[in-house]
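[1] with the input below, show me the fold.
(2 chains)
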Amino acid sequence: MKVSIFSTCLVDLMTPKVGIAMVEVLERLGCEIDYPASQVCCGQPTYNSGYLEDSKLAMKNMILAFERSDYVVAPSGSCIAMFHEYPKIFKGDPDWELKAITLKEKSYEFTQFIVKVLGITDVGASLEGNATYHRSCHMTRLLGEKETPFQLLEHVKGLHMEPLKNSDNCCGFGGTFSVKMPDISEQMVDEKSSCIIDTGADILISADMGCLLNIGGRLSRKGESVKIMHIAEVLNHQNPVITKGGSQS
Amino acid sequence: MSLQTDKRDFSERTTDGLGDSFMRNAVGSAQDSLKTRRLSAATALGDWEQWRTAGQQIRQHTLQNLDYYLEQLAGNIEKKGGHIYFAATKEEASSYIRDVIVQKQAKKIVKSKSMVTEEIELNHVLIEAGCELIETDLGEYILQMDDWDPPSHIVAPALHKDRRQIQRVFTEKLDYTDDESPEKLARFARKVLRQKFLEAEVGITGCNFAVANLGAINLVTNEGNGDLTAAIPKTHIAVMGMERIVPTLAEMEVLDNLLCRSAVGQKLTSYITVMGPSAAGDTDGPEEFHLVVVDNGRSDILGSEFNEALQCIRCGACLNVCPVYRHIGGHAYGSIYPGPIGAVITPLLGGYDDYKELPFASSLCAACTDVCPVRIPLHEQLILHRQNIVKENRTGSMERFQMKAAGRLLSSPALFGKTLRFAHPASRLMSRHGRIVRGPELIHGWIGARDLSQPVKQQDSFRAWLDKRKGESGQ
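    Got it, this is the predicted structure:
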């Protein structure tokens, strides 16, 4: 099965290890990897700020970049949720509406693809540790994907999951919201960080780098040693030992 | 109170809210306990998603045929001897009510909770006309006694106050001498209010839904104050937003179910009443009934891209799940309609001049959209507002410049490739020990509260890794 990777601009700029982990997991599961090099960004930063016309340029670029793909898979529920909005945004546009629908129908978030397309819930990963999971709002509410990360995490050997209080409250990232209304965003991420610390978990897992950079940045500022891991890194993990504050061995 | 409750800048109001730990504790714990109660009340009904769809369909059907149902309502109210008045503006609405009261030479007025009477500044108009007016909803009464402190929630107006603050208000204003137990405070208020009900000449209520085929109104309350306000005084004046109407009792039943469960997590509130003009031969109830139907900008929303906002049944569920409302509280919105629905309808009723920040006071987490019992796509409506505000050039020139630049960058593989190459070296001047420590305003908002690593070096990027692999495998 040929899978086109949509790495997302955050992974491109900030966290290449997440892209690498995703590719390694998918290859281990028998996928052939393709990377359309003309991809950039789903357009969400400008779209959510109200700059519709400027965002459409980015969206059209993505539609074209993945035009020949069979499946598009990204390590972000939020970016894929944005793809799923394209048909609404291009509704009535004779040149783009159909293409937008086609892109939506072949696009999946990473864990969603593994469980729902490949039909796999045990990827053979093992990671010793106490972890908690942050549900990203866009993945759970806009993409409507609540279960697949948990189905996969359940089969990671050695991993114990702690429930997170108020897990459906937003972490305060919200893209440009976090810089446009920093005071409010700070309080939101602060409360989220406190809930995470209260679980006693050593690892925070999520399927969206936006949330993880936000929460991780706050935890680090507070001097907390909770380790931040994208779910692709967890599912790619084969060595069982991980300690609080330390690096994985 | 008018639509606008605070004329200061949004940022000043927010700073006040964020600094008010009493309010934030009260709102946070109210949100947490309401969530559990709402969920169990919703689950008890069976397939909640189907009920939401039914609610959405009823509201959409009614809005599409609003002229028909309003005419039917008016005909039925008049047939039963009641009066109906269509007010195009808030001034028309409050003047009509004042005139009815002045004509009767009435002075003593009791009111039940009603957001639309806040919207038309009724209290102000009636007090100017020399009336003695008392809010009888316990929350509203507390606010009135606290020198008309503005409401901060559309269902629980005094949500921002804890019991000690309420005790202080009663002690200072009403010579209350007992402790802060809720039962004692409520009993004290009830004693004062009972006397007011008996003395009142006119009772003014809101209207949860008007029932078109009956020529009646439906009130949903927990304290029973709404029923006393409507039933005891000789004249009952009900005020409704133009869109708050249902065809028959069958649709009312669906919406009341959604309303009670979403608002307070109850199957039903203590009092669900259907009332209107008294029928001939009735031995109780008011002698005279007026229904004031308030447009005040609603016709402009009808049929517009914001039409779905008119589906709102004012349950407040979107406030109860909103993480922004949780931290800044209701007053920060500067409107009698706070929270997500407030951020949607306040700019529609009051304009962007005063309210252009509200649609941006959201992380677009969509908790509001998810909880709305009549499926208003609230977060999408906030994005629509943002688009309009951008179209009208109301955002700062710096932001416009940055967003235009971002639009070009994010649509150009070549420009983005250059960015990936230069991001790391460019960030070196702004960084210390691999962390960004200074930068333009945008970055400043972020690093004020969080650490931020430098972007990766080009040779360490994901794309470089893919290229290297391709080279190694000889592809």
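[2] would you mark the buried spots in the longest helix seen in chain A?
    Counting residues, the longest helix found in chain A (DSSP state H) is helix A:182-199. The neighbour-count check on helix A:182-199 (16 or more other CB atoms under 10 Å in any protein chain shown) flags A:182-193, A:195-196, A:199 as buried. In this view, the C-beta of every residue, glycine as well, is placed from N, C-alpha and C.
[3] run through chain A and note the low-pLDDT ranges.
    Within chain A, the ranges that satisfy pLDDT under 70 run A:240-249.
[4] helix or strand for B:Val293, which one?
    Using DSSP states H and E, B:Val293 sits within strand B:288-294.
[5] mean confidence score for the following helix or strand past that strand?
    Downstream of strand B:288-294, the next assigned helix or strand under DSSP H and E is helix B:298-301. The predicted model gives helix B:298-301 an average pLDDT of 98.
[6] chain center to the following helix or strand past helix B:298-301: distance?
    Of the helices and strands lying after helix B:298-301 in sequence (DSSP H and E), the nearest is helix B:317-321. Relative to its chain's centre, helix B:317-321 lies at 9 Å (CA atoms, centre = their mean, to the nearest Å).
[7] can I get helix B:317-321 in CSV, CA atoms only?
    What follows is helix B:317-321, C-alpha atoms only, in CSV (Å, rounded to 0.1, in the frame of the first residue of the first chain):
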residue,chain,number,x,y,z
ALA,B,317,-24.3,25.0,27.9
CYS,B,318,-21.7,26.6,25.6
LEU,B,319,-20.6,28.9,28.5
ASN,B,320,-20.4,25.9,30.8
VAL,B,321,-17.9,24.1,28.6
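[8] who's in contact with that helix?
    A:168, B:30-31, B:34-35, B:38, B:153-155, B:262-263, B:325, B:330, B:338-342, B:367-368, B:370-373, B:378 (CB atoms under 8 Å, 6 or more residues apart in numbering or on different chains).
[9] tell me the contacts of the one residue in the stretch 1-150 of chain B that gets nearest to chain A?
    Closest contact between the stretch 1-150 of chain B and chain A, by CB to the nearest CB, is at B:Leu18 (5.9 Å). Contacts of B:Leu18 were listed using CB under 8 Å, 6+ apart, and they are A:Asp183, A:Ile184, A:Gln187, B:Arg24, B:His327, B:Ile328.
[10] make a markdown table from those residues and add distance to A:Thr46 to it.
    A markdown table is the format used below for those (distance: CB to CB, whole Å):
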| residue | distance to A:Thr46 |
| --- | --- |
| A:Asp183 | 23 |
| A:Ile184 | 21 |
| A:Gln187 | 26 |
| B:Arg24 | 32 |
| B:His327 | 26 |
| B:Ile328 | 25 |
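[11] out of the residues you listed, who's nearest B:Gly439?
    B:Gly439 has its nearest neighbour among the contacts of B:Leu18 in A:Asp183, at 18.1 Å by CB to CB.
[12] my guess is that closest one meets B:Asp16, correct?
    No: A:Asp183 is beyond contact range of B:Asp16, at 11.3 Å (criterion: CB atoms under 8 Å).
[13] quick one on the thing from earlier: what about the residue of the stretch 1-150 of chain B closest to chain A, distance to A:Asp202?
    31 Å (CB to CB, to the nearest Å).
[14] can you check A:Ser4 too?
    Separation of A:Ser4 from A:Asp202 (CB to CB): 34 Å.
[15] likewise B:Gly417?
    Distance, B:Gly417 to A:Asp202, using CB to CB: 38 Å.
[16] the two - which one has more neighbours?
    Between B:Gly417 and A:Asp202, counted using other CB atoms under 10 Å in any protein chain shown, the more crowded position is A:Asp202 (20 against 16).
[17] and the longest strand for chain A?
    strand A:126-134 (DSSP state E).
[18] may I see the buried residues of that strand?
    Buried residues in strand A:126-134, counted by 16+ other CB under 10 Å: A:Leu127, A:Glu128, A:Gly129, A:Ala131, A:Thr132, A:Tyr133, A:His134.
[19] could I get the residues you listed as JSON lines with distance to A:Glu162?
    Shown next, in JSON lines, are the buried residues of strand A:126-134 (distance: CB to CB, whole Å):
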{"residue": "A:Leu127", "distance to A:Glu162": "14"}
{"residue": "A:Glu128", "distance to A:Glu162": "14"}
{"residue": "A:Gly129", "distance to A:Glu162": "10"}
{"residue": "A:Ala131", "distance to A:Glu162": "7"}
{"residue": "A:Thr132", "distance to A:Glu162": "5"}
{"residue": "A:Tyr133", "distance to A:Glu162": "9"}
{"residue": "A:His134", "distance to A:Glu162": "12"}
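[20] which of the residues you listed sits closest to chain B?
    After measuring the buried residues of strand A:126-134 against chain B - CB to the nearest CB - the closest member comes out as A:His134, at 12.3 Å.
[21] bridging residues for A:Val129?
    Not Val; residue A:129 is Gly. A:Leu159 (DSSP bridges).
[22] how close does the residue of the stretch 1-150 of chain B closest to chain A get to A:Glu186?
    Going from B:Leu18 to A:Glu186 by CB to CB gives 9 Å.
[23] check B:His153 too.
    24 Å.
[24] check which helices and strands the longest strand of chain A sits against.
    Applying 3 or more CB pairs under 8 Å, 6 or more residues apart in numbering or on different chains; DSSP states H and E, one finds that strand A:126-134 contacts helix A:148-153, strand A:157-162, helix A:182-199, strand A:203-206, helix A:209-221.
[25] B:Tyr337 contacts B:Pro151, correct?
    No: applying CB under 8 Å, one finds B:Tyr337 not in contact with B:Pro151, separated by 9.5 Å.
[26] any residues of the stretch 201-350 of chain B in contact with chain A? List them.
    B:Val321, B:Pro323, B:Val324, B:Arg326, B:His327, B:Ile328 (CB under 8 Å from any CB of the partner chain).
[27] what about the first one, how many neighbours?
    Other residues near B:Val321 come to 25 when the count uses other CB under 10 Å.
[28] look up which helix or strand the residue nearest to B:Pro340 when sequence neighbours are not counted falls in, please.
    Using CB to CB, 6 or more residues apart in numbering or on different chains and skipping residues adjacent in sequence, the residue nearest B:Pro340 is B:Cys368, 3.7 Å away. Using DSSP H and E, B:Cys368 maps to helix B:367-371.
[29] which residues make contact with that helix from outside it?
    With contact meaning CB under 8 Å, 6+ apart, helix B:367-371 is reached by A:137, A:141, A:168-170, B:38, B:262, B:317-318, B:320-323, B:339-341, B:375-380.
[30] and what of stretch B:354-363?
    Here stretch B:354-363 makes contact (CB under 8 Å, 6+ apart) with A:137, A:170, A:172-174, A:177-178, A:180-181, A:184-185, A:188, B:4, B:7, B:10-11, B:14, B:322-324, B:328, B:332-335, B:340, B:342-344, B:346-347, B:379, B:382, B:385-386, B:389, B:394.
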